[in-house]
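Trainee: heads up, no residue letters with this:
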């Protein structure tokens, strides 16, 4: 039986730049940073979370699609959007109310599409699906 997802890999152009973005801007913590004959093993994780993101140097072309690499849960999508925008994060989608919650989209420095999601159970009852609620 599978019991957990422990690692997910993100392809990055510059591991140190990616490390700075994920730790200084998004609030992850550096978990592992080891050099070996096989290369560098660099991971970050949110505090108190088992899932580690492996920041793996990209070898080759970037993906052509804008599929979401992963979704970051938040209890206040608009506030987190404002905090990240103040840190010069460029958003591809501003916070928008959907039936499943409030979601906003942005890319990391390597072009990986990320999403902030405030799940529907935390969205106020007066908001309407498909509106920005701002």
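Mentor: Good, I have the coordinates. Predicted model only: the values in this text are computed from it and were never measured. Numbers count the residues shown, from 1 in each chain.

Trainee: count of residues packed around the residue nearest to residue 107 when sequence neighbours are not counted?
Mentor: Nearest residue to residue 107 in three dimensions, chain neighbours excluded: residue 113, at 5.6 Å (Cβ to Cβ, 6 or more residues apart in numbering). In short, each C-beta sits where N, CA and C put it, glycine included. Residues lying near residue 113 (other Cβ atoms under 10 Å) number 17.

Trainee: any idea how far residue 48 is from residue 113?
Mentor: Distance of residue 113 to residue 48, given as Cβ to Cβ, to the nearest Å: 25 Å.

Trainee: repeat that for residue 3.
Mentor: 18 Å.

Trainee: show the pLDDT at the spatially closest residue to residue 121 that is not a sequence neighbour.
Mentor: Spatial nearest neighbour of residue 121, excluding adjacent residues (Cβ to Cβ, 6+ apart): residue 101 at 8.0 Å. Per-residue pLDDT puts residue 101 at 91.

Trainee: now swap in residue 82 and tell me
Mentor: Confidence score, pLDDT, at residue 82: 97.
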